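Participant: With the input below, show me the fold.
(one chain, ligands or ions: 4)
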Amino acid sequence: NSVVQPLLTDLYQVTMAYAYWKTGKMEDKAVFDLFFRKNPFRGEFAIFAGLGECVKFLNNFRFSCSDIAYLQEILPNVDQGFWEYLSQLDASQVVTMSAIPEGYVVFPKVPLIRLEGPLPVIQLLETTFLNLINYASLVATNAARFRITAGDGVQLLEFGLRRAQGPDGGLSASKYCYIGGFDGTSNVLAGKLFGIPVRGTHAHAFVNSFSSLDDELQVNPEAVLPQQPKLSFCQLAMSWLTKISPILNILEHETNKGELKAFLAYAYAFPRTCLCLLDTYSVIKLNLNICIFPFMDIKLGYPIIYTLDTQGIVVILHSLIYFTGLVTNCWNTQGTTFRVECCNGRNNSSLNFYTLMCYCFPHRSGLPNFLAVALALNEYGYRAIGVRLDSGDLAYLSRKCREAFVLIADQFESPWMKKFTVVASNDINEETLISLKEQKHEINSFGIGTHLVTCQKQPALGCVFKLVEVNGEPRMKLSEDVGKINLPGKKSVFRLYSEDGLAILDLIQLCSEKPPEVGKKILVRHPFIESKRAYVCPYKVELLYRDYWGNNGLTQSFPSLQELKKTASDSLKTLRQDIKRELNPTPYKVSVTNEMYNFLHELWLKYAPIGELS
Ligand SMILES: Nc1ncnc2c1ncn2[C@@H]1O[C@H](COP(=O)(O)OP(=O)(O)OP(=O)(O)O)[C@@H](O)[C@H]1O
Ligand SMILES: O=P(O)(O)OC[C@H]1O[C@H](OP(=O)(O)OP(=O)(O)O)[C@H](O)[C@@H]1O
Ligand SMILES: O=C(O)c1cccnc1
Ligand SMILES: [Mg+2]
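Facilitator: Ligands and ions are numbered 1, 2, ... in the order given. This next block holds a predicted model:
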């Protein structure tokens, strides 16, 4: 990413670097920790992401001549020697970096990255590192939460590019949502750059662009067919529509023929992967109960006519009042309710009424149109894929679609139709996913954009970058708020596991301490609350840090996106279910050793001034 370069930083990093240089601190050996203090999304875990980009940044960390020229322009009173120092800076010789592997589940206060090197150099890395880690980890965590909520049985597609925070936000979202548990993206550039599977359907504009049915499409059969269809593709679809209409309880003429043409055109272009967006006009017909309200509309002097749709929602059909003939007709049935859904010519008066309704609201029924096209396509040897729903009650409509698939499949001995994919989109968030599950949806794939990529529930992860040691001396930033105090010194982190493979806790200790041992009981402590302590006898001990950058640059090859995705999924499996649940999750324990506890508290007392009360 060409935007990631040394000047992608805050000015104060450069001014501090100069002041360090000017005061002879450029060889001071510093240790910095990068960590966050609070889990995002009211959850109890995060997924660590963005590390690979930090490594790339270190690899390319050099101020160019034009960078130096620009800095000279904005900082005119700086000594020439500093610019010479900056222009020969290179992270490869002087910086070392240890970190938790990218994709791991991580927790507050645990240093995710530990950087060591000359004070001004590490200082110059702060903003860029935070920028690379914060959004990546936040959006990967968001994706992981959507995955946990949706379950493993559904496909999750990231549809967020159009709503993302600029081009880089969009690309990063696609990349890190994939690591966090999404199956694919609609973002074509992300597919090209990162090898993420790209997927997509079609938009409402495509349906809207067709207004009538003509008969121009000649589909080439998939294989040599035993019997070539006698009708054209459009005629076939129309004949199927005639056959399925009574089964679906609709009138053939009430489906929108522009929409039918759009589906035919899409099927013609993609006979093997035809997936149609059903809700441009209406997914299924309204199951109408037409009533004449026993009141006159005072202004117009006509009765008010209303309908109840299948969900019991009252739709007032004001437009009907203009059909005087109709109103006269129904005036006689004033106050009564009559169903017109099964009116296939059997009841003339209600048929007139209903036909007129169709005239008022003629654009219905994406579902019958799709089924007609799928059945026509089948006659050429192709199987359609399914449908997308992008508005309305997604649980209800998905169930209705599935019912119709099964009904038609049984009727025409086409069992493959039962398995049509239902894709749902439209402003979906974690809560919607939970609710849809409770409502027993029949959705196979969710297309999720806005809430996922903008992380609407929490738009930033508060990773910070703190100095913890200079020339072997621990450093500590104090705060009134205990949660904001950072753990001083150069530290190691171990993850302790129980016999069932689940993580028990993360243990932070000083690098000088002996690592915990398998099968050996150790005392672990809450870093700040004295009374909170426990003994643990780990079944497995994992040193969380790996060396990513040594004195000669990169120390190991970096995993592929696919591997990072697997790491995240495996790491999440080591977390207890109650830690991952959406509502009131249990906090995961982050502990310190007894030695670390004493070290921290002695230093705390040393740094905290004793006040005087008067
Ligand atoms: N069964 C359901 N349970 C809970 N939430 C749902 C369900 N179906 C859809 N939703 C969500 O409800 C919201 C409906 O949005 P909105 O009110 O804009 O409806 P819409 O169908 O898009 O309407 P319009 O067609 O007017 O745009 C969306 O966020 C959608 O994800
Ligand atoms: O709702 P989100 O979670 O952000 O998911 C992405 C949305 O983007 C598209 O809508 P848009 O109205 O932009 O275009 P469309 O014509 O394809 O629906 C799509 O239909 C989704 O509704
Ligand atoms: O392919 C789709 O259906 C899609 C892609 C991006 C946004 N909304 C929908
Ligand atoms: Mg939409």
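Participant: Which element, helix or strand, includes the residue lying closest to L367 once chain neighbours are set aside?
Facilitator: Nearest non-adjacent residue to L367, counting by C-beta to C-beta, 6 or more residues apart in numbering: I284, 5.1 Å away. Placement of C-beta: from N, CA and C, glycine included. Using DSSP states H and E, I284 is not contained in any helix or strand.
Participant: what about whichever residue of the stretch 251-400 of the chain sits closest to ligand 3, is that helix, strand or coil?
Facilitator: Relative to ligand 3, the nearest point of the stretch 251-400 of the chain is R388 (5.8 Å; C-beta to the nearest ligand atom). Under DSSP: H, G, I helix; E, B strand; the rest coil, the three-state class of R388 is strand.
Participant: and the gap between it and H202?
Facilitator: 8 Å (C-beta to C-beta, to the nearest Å).
Participant: Check S614 too.
Facilitator: Counting by C-beta to C-beta, the gap from S614 to H202 is 76 Å.
Participant: go on, G611?
Facilitator: 68 Å.
Participant: Who are the contact partners of the residue nearest to L367?
Facilitator: Counting by C-beta atoms under 8 Å, 6 or more residues apart in numbering, I284 touches 248, 310, 364-367, 397, 400-401, 404.
Participant: Repeat that for E158.
Facilitator: 143, 173-174, 177-178, 182, 184-187, 448-449, 452-453.
Participant: make it 7 Å
Facilitator: Applying C-beta atoms under 7 Å, 6 or more residues apart in numbering to E158 gives the contacts 173-174, 177, 182, 185, 448, 452-453.
Participant: Over to F63?
Facilitator: With C-beta under 7 Å, 6+ apart, F63 has these contacts: 6, 86-87, 89.
Participant: Report the closest residue of the stretch 101-250 of the chain relative to ligand 1.
Facilitator: H204 (10.3 Å).
Participant: a markdown table please, covering the contacts of I284 and showing distance to V106 and secondary structure.
Facilitator: Below are the contacts of I284 laid out as a markdown table (distance: C-beta to C-beta, whole Å; DSSP: H, G, I helix; E, B strand; the rest coil):
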| residue | distance to V106 | secondary structure |
| --- | --- | --- |
| L248 | 51 | helix |
| T310 | 47 | coil |
| R364 | 51 | strand |
| S365 | 50 | coil |
| G366 | 44 | helix |
| L367 | 45 | helix |
| L397 | 39 | helix |
| K400 | 43 | helix |
| C401 | 40 | helix |
| A404 | 46 | helix |
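Participant: For the stretch 1-150 of the chain, which segments count as helices?
Facilitator: Using DSSP state H, counting those that start in this stretch, the helices of the stretch 1-150 of the chain run over 11-22, 51-59, 65-74, 80-87, 91-94, 119-150.
Participant: Revised request: answer the last question for the stretch 151-300 of the chain.
Facilitator: 166-180, 188-194, 204-208, 233-248, 257-269.
Participant: Redo these as TSV? Include mean pLDDT and mean neighbour count.
Facilitator: Below are the helices of the stretch 151-300 of the chain laid out as TSV (pLDDT from 0 to 100; neighbours: other C-beta atoms under 10 Å):
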stretch	mean pLDDT	mean neighbour count
helix 166-180	98	23
helix 188-194	98	16
helix 204-208	96	16
helix 233-248	94	19
helix 257-269	95	23
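Participant: export those helices to JSON lines and tack on distance to ligand 3?
Facilitator: JSON lines is the format used below for those (distance: least, C-beta to the nearest ligand atom, whole Å):
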{"stretch": "helix 166-180", "distance to ligand 3": "11"}
{"stretch": "helix 188-194", "distance to ligand 3": "10"}
{"stretch": "helix 204-208", "distance to ligand 3": "10"}
{"stretch": "helix 233-248", "distance to ligand 3": "22"}
{"stretch": "helix 257-269", "distance to ligand 3": "12"}
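Participant: Which among those helices is found nearest to A136?
Facilitator: helix 166-180 (4.8 Å; C-beta to C-beta).
Participant: picking that back up, could you say which of the helices of the stretch 1-150 of the chain is packed most deeply?
Facilitator: helix 119-150 (a mean of 24; mean count of other C-beta atoms under 10 Å).
Participant: before we move on, the earlier item: go back to the contacts of E158 and keep what's next to ligand 2.
Facilitator: Taking C-beta under 6 Å from any ligand atom as the test, ligand 2 is in contact with I448 out of those.
Participant: quick one: which two of the contacts of E158 are the most distant?
Facilitator: S174 and I448 (12.0 Å).
Participant: residues from the chain in reach of ligand 3?
Facilitator: 159, 186, 200-201, 388, 425, 447, 449.
Participant: State the phi and psi torsions of L543.
Facilitator: Per-residue torsions, L543: phi -70, psi 120 (degrees, to the nearest 10).
Participant: Ligand 1 versus that one, what's the distance?
Facilitator: Here the distance between L543 and ligand 1 works out to 43 Å (C-beta to the nearest ligand atom, to the nearest Å).
Participant: And the pLDDT for that residue?
Facilitator: Predicted confidence (pLDDT) at L543: the value is 98.
Participant: OK, contacts around it?
Facilitator: With C-beta under 7 Å, 6+ apart, L543 has these contacts: 492, 494, 515.
Participant: Taking the stretch 301-450 of the chain, what residue is nearest to ligand 2?
Facilitator: Closest point on the stretch 301-450 of the chain to ligand 2, by C-beta to the nearest ligand atom, is G449, at 2.7 Å.
Participant: Touching, that residue and G160? I think so.
Facilitator: Yes - contact criterion C-beta atoms under 7 Å: G449 and G160 qualify, at 4.0 Å.
Participant: Comparing the two, which residue is more hemmed in?
Facilitator: G160 (25 against 21; other C-beta atoms under 10 Å).
Participant: coming back round to it: output the contacts of I284 in a markdown table; the columns should cover distance to L467.
Facilitator: What follows is the contacts of I284, written out as a markdown table (distance: C-beta to C-beta, whole Å):
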| residue | distance to L467 |
| --- | --- |
| L248 | 69 |
| T310 | 64 |
| R364 | 66 |
| S365 | 66 |
| G366 | 60 |
| L367 | 62 |
| L397 | 56 |
| K400 | 60 |
| C401 | 58 |
| A404 | 64 |
